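Q: mind folding the following:
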Amino acid sequence: MRLCPVLVPAVLGLLAALCAPAFADDNKKDPPAVTGTKPQDLILGKWEPVEEKGKSVVEFLKDGKLKVSADQLALEGTYKFIDDKTMEIKVVFGGKEETVKVKVTVTKDELVTQKEGSETKEKLRRVVAK
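A: Model (predicted):
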């Protein structure tokens with residue numbers, strides 16, 4: 001499947017901001033209970049951007065994997081905390097591995113991300129079961 005070249009920067013931008021819809025089947029499951037106070041624990045679960053609620057979600061799994069999808073696009077990748085305020089995210093897109101470092105501030109209900117080298121901050125909120 002070949003993606004339009006215009007979509008590549010858009011998807012990478014979404015990834016850098018940690019935004020994208022979760023997989024449809026996963027949306028039916030309740031999010032995991034938030035436990036712990038460390039960022040590595042608080043980040044687990046599904047998040048959606050405050051500005052575009054319902055349009056995009058990213059899911060951080062306990063095993064260091066992450067799931068990202070946008071409209072008809074789905075990506076999987078990995079993440080790891082370098083320290084309590086910095087994460088490294090890796091995804092393979094178009095056959096090429098992309099790595100992004102992101103500054104994070106995470107609470108029980110809010111995740112703020114900032115791509116390293118950028119002034120733009122993205123706010124996300126935890127997805128809650130309806």
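Q: for residue 81, phi and psi?
A: phi -80, psi 130 (degrees, to the nearest 10).
Q: distance between the helix or strand harbouring residue 66 and the chain's centre?
A: Element membership for residue 66 (DSSP states H and E) is strand 65-70. Taking CA atoms, centre = their mean, to the nearest Å, one finds strand 65-70 lying 7 Å from the centre of the chain it belongs to.
Q: which neighbours in the sheet does that strand have, and how are they oriented?
A: In the sheet, strand 65-70 lines up against strand 58-60 (antiparallel), strand 73-83 (antiparallel) (DSSP bridges).
Q: who does the closest residue to residue 121 other than its chain neighbours form a beta bridge with?
A: Spatially, and ignoring its direct neighbours in sequence, residue 121 is nearest to residue 114 (4.7 Å; CB to CB, 6 or more residues apart in numbering). To be clear about C-beta, it is placed using only N, CA and C from the backbone, and glycine gets the same treatment. Taking DSSP bridges as the rule, residue 114 bridges to residue 103.
Q: neighbours of residue 114, how many?
A: Using other CB atoms under 10 Å, residue 114 has 18 other residues around it.
Q: please name the residues that touch it.
A: Counting by CB atoms under 8 Å, 6 or more residues apart in numbering, residue 114 makes contact with 102, 103, 104, 120, 121, 122.
Q: show me which pair in those is furthest apart.
A: By the measure CB to CB, 104 and 120 form the most distant pair in these, at 13.9 Å.
Q: quick one: low-confidence parts of the protein?
A: 1-35, 53-54, 130 (pLDDT under 70).
Q: ok, back up a step: winner for burial among the strands paired with strand 65-70?
A: Of the strands paired with strand 65-70, the one with the most neighbours on average (mean count of other CB atoms under 10 Å) is strand 58-60, at a mean of 25.
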